[in-house]
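A.B. asks: Sequence first, then the predicted structure:
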Amino acid sequence: VQLQASGGGLVQAGRSLRLSCAASVRPFSTYTMAWFRQALGKEREFVAVISGSGAVTNYADSVKGRFTISRDNAKNTVYLQMNSLKPEDSAVYYCAARSRLFTTRQSSYEYWGQGTLVTVSS
């Protein structure tokens, strides 16, 4: 199983980035997908999660209203659209997959990508 995250980079505060995560899990539509992030010197934290069908989503309070998680089950890909970025959003962003029910608890995720670095300058 592979999860390949991409789309990170250096961006100014207030701008946008879209992260992608291509997953080899099958069938993709049965997997809950999530994004977590880990800032330098901090613990990894939950960012957003989406159900297998895409009908249900949940967000950390810190990104609610600015970030949108979505998925394209035909392309086996999950996305994280990040708008109005802030310096405190700087982190390595990881995508994760879970074959069971929707959860925000990172210990419940079976598969993890390698991470993509997002740096937001002020």
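C.D. replies: Noted; the coordinates are in hand.

A.B. asks: Quick one: list the elements packing against the helix or strand hosting V120.
C.D. replies: Assigned by DSSP states H and E, V120 belongs to strand 116-121. On a contact count with 3 or more C-beta pairs under 8 Å, 6 or more residues apart in numbering; DSSP states H and E, strand 116-121 meets strand 9-12, strand 17-23, strand 91-98. The way it works is simple: take the backbone N, C-alpha and C, and place the C-beta from them, glycine included.

A.B. asks: orientation of the longest one relative to strand 17-23 in degrees?
C.D. replies: Same thing as strand 91-98. With axes from the mean of the first three to the mean of the last three C-alpha atoms, to 10 degrees as the basis, strand 91-98 and strand 17-23 are set at 30 degrees to each other.

A.B. asks: And the pLDDT at the residue nearest to A34 when sequence neighbours are not counted?
C.D. replies: Nearest residue to A34 in three dimensions, chain neighbours excluded: V49, at 4.0 Å (C-beta to C-beta, 6 or more residues apart in numbering). Listed pLDDT for V49 reads 97.
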